[in-house]
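Undergrad: Provide a 3D model corresponding to the input given below.
(one chain, ligands or ions: 2)
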Amino acid sequence: MSGFLKIEQLAKAYGGARPVFADVSFTLEKGEFVCIIGHSGCGKTTILNVLAGLDRASEGVVLMDGREVAGPSLERGVVFQGHALMPWLTVRQNIAFAVRSRWPEMKADELRAHVEKYVAMVGLSPAIDKKPSELSGGMKQRVGIARAFSIAPKMLLLDEPFGALDALTRGTIQDELMAIVRQTQQTVFMITHDVDEAILLADRILLMSNGSEHESTYTPGGIAEVVVNPLPRERTRAGLHHMDGYYELRNHIVDFLVTRARAH
Ligand SMILES: Nc1ncnc2c1ncn2[C@@H]1O[C@H](COP(=O)(O)OP(=O)(O)OP(=O)(O)O)[C@@H](O)[C@H]1O
Ligand SMILES: [Mg+2]
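TA: Ligands and ions are numbered 1, 2, ... in the order given. Predicted coordinates:
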């Protein structure tokens, strides 16, 4: 257990404001899928941006593979809540753009095959030459996922990647993501608001609390608890509810969100 990604004593204050969170430490092992769950405003996106190198913490360090994360890198694939595709480029061109930034020397036919492979992986081959405006929300989100995977990042950072999708599409893409992650043994850090999604996908679930004020004493937000998912790794959405331990786990997380995650 070396800790592929190490987050040590992270704190973040914006401007002169009091810290959103403090003393945030956790590790991710290679190939591990970790979800973070917590109410709006507790600082989840801020943490993800720091891990991505897109924002700096006020205190603490992030180490990936023993090296400090100090800026954005193609070693980390990020999927934002909005899909963030370039609207004037087709699916193929959007992904090719990312692949070319990663491997500028790649030959045209190799590039083509590489792009097609990742588009096929998310089931979008028939739409490969369409522009984002011609795709549904779920399809756009899949392009974002294909793009993140196509640069073979050392880890994936996902900020509520399915937040805007209807339940049915969400389910399909969750299953797809899980299959791809298992296949490629990706290391994933994902933000979600959806308890079942966390239970389906994550090996461990970080429960994050909001900063709170009590009798004029302010306590910054932080990781209140790390829950290890006891369910066997081979799980499906349909089968989740029948698994031993599912309800205990779900109740524990919901209970945290309702009673402990923020001061009332
Ligand atoms: N650029 C910024 N400048 C000032 N304050 C910010 C900035 N970005 C975020 N914040 C504040 O930091 C806190 C945490 O924001 P963050 O976006 O990390 O929350 P979150 O947990 O991702 O919430 P949500 O679930 O709504 O996405 C919020 O109070 C927010 O107002
Ligand atoms: Mg957020």
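Undergrad: burial count for the closest residue in space to R170 that isn't next to it in sequence?
TA: If you skip the residues right next to it in sequence, R170 has F162 as its closest partner in space, 4.5 Å away by CB to CB, 6 or more residues apart in numbering. C-betas here are computed from N, CA, C, even on glycine. Other residues lying near F162 total 26 when counted by other CB atoms under 10 Å.
Undergrad: Next up, the contacts around F162.
TA: F162 makes contacts with Q141, T169, R170, I173, Q174, T192, D194, E197, as judged by CB atoms under 8 Å, 6 or more residues apart in numbering.
Undergrad: Let me know the closest of the residues you listed to ligand 1.
TA: Minimum distance to ligand 1 across the contacts of F162 is 9.6 Å, recorded for T192 (CB to the nearest ligand atom).
Undergrad: remind me which residues of the chain are low pLDDT?
TA: Along the chain, segments meeting pLDDT under 70 span 1, 82-83, 264.
Undergrad: ok, and for the top helix by length along it, which residues are buried?
TA: Identified as the longest helix of the chain according to DSSP state H is helix 167-184. For helix 167-184, the neighbour count (16 or more other CB atoms under 10 Å) marks T169, R170, G171, T172, I173, Q174, L177, M178, I180, V181 as buried.
Undergrad: now swap in stretch 58-76 and tell me
TA: Of the residues in stretch 58-76, G60, V62, M64, V69, E75, R76 count as buried by neighbour count, 16+ other CB under 10 Å.
Undergrad: Can I get the helix or strand hosting A224 in PDB, CA atoms only?
TA: For A224, the element it lies in under DSSP states H and E is strand 222-228. The C-alpha atoms that make up strand 222-228 are tabulated as PDB, following Å, rounded to 0.1, in the frame of the first residue of the first chain:
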ATOM      1  CA  GLY A 222     -13.200  18.000   6.000                       C
ATOM      2  CA  ILE A 223     -13.300  14.300   5.500                       C
ATOM      3  CA  ALA A 224     -15.400  13.100   8.300                       C
ATOM      4  CA  GLU A 225     -15.200   9.400   7.600                       C
ATOM      5  CA  VAL A 226     -13.800   7.000   5.000                       C
ATOM      6  CA  VAL A 227     -16.200   4.100   4.300                       C
ATOM      7  CA  VAL A 228     -14.800   1.000   2.800                       C
END
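Undergrad: tally of neighbours for the closest residue to G3 other than its chain neighbours?
TA: Leaving out its chain neighbours, the residue that sits closest to G3 by CB to CB, 6+ apart is T27, at 3.8 Å. The local packing of T27 (other CB under 10 Å) involves 17 other residues.
Undergrad: between the helix or strand encompassing T27 and strand 222-228, how many degrees?
TA: Using DSSP H and E, T27 sits in strand 21-28. Angular relation of strand 21-28 and strand 222-228 on a 0 to 180 degree scale: 20 degrees, by axes from the mean of the first three to the mean of the last three CA atoms, to 10 degrees.
Undergrad: For strand 21-28, enumerate the helices and strands it packs against.
TA: strand 5-12, helix 44-52, strand 59-64, strand 222-228 (3 or more CB pairs under 8 Å, 6 or more residues apart in numbering; DSSP states H and E).
Undergrad: Out of the ones you listed, flag the one nearest ligand 1.
TA: The closest of those to ligand 1 is helix 44-52. By CB to the nearest ligand atom, the value is 3.2 Å.
Undergrad: is ligand 1 contacted by that closest one?
TA: Yes. Counting by CB under 6 Å from any ligand atom, contacts between helix 44-52 and ligand 1 involve K44, T45, T46.
Undergrad: on contacts alone, who are the packing partners of that helix?
TA: Applying 3+ CB pairs under 8 Å, 6+ apart, one finds that helix 44-52 makes contact with strand 5-12, strand 21-28, strand 76-79, strand 155-159, strand 188-191.
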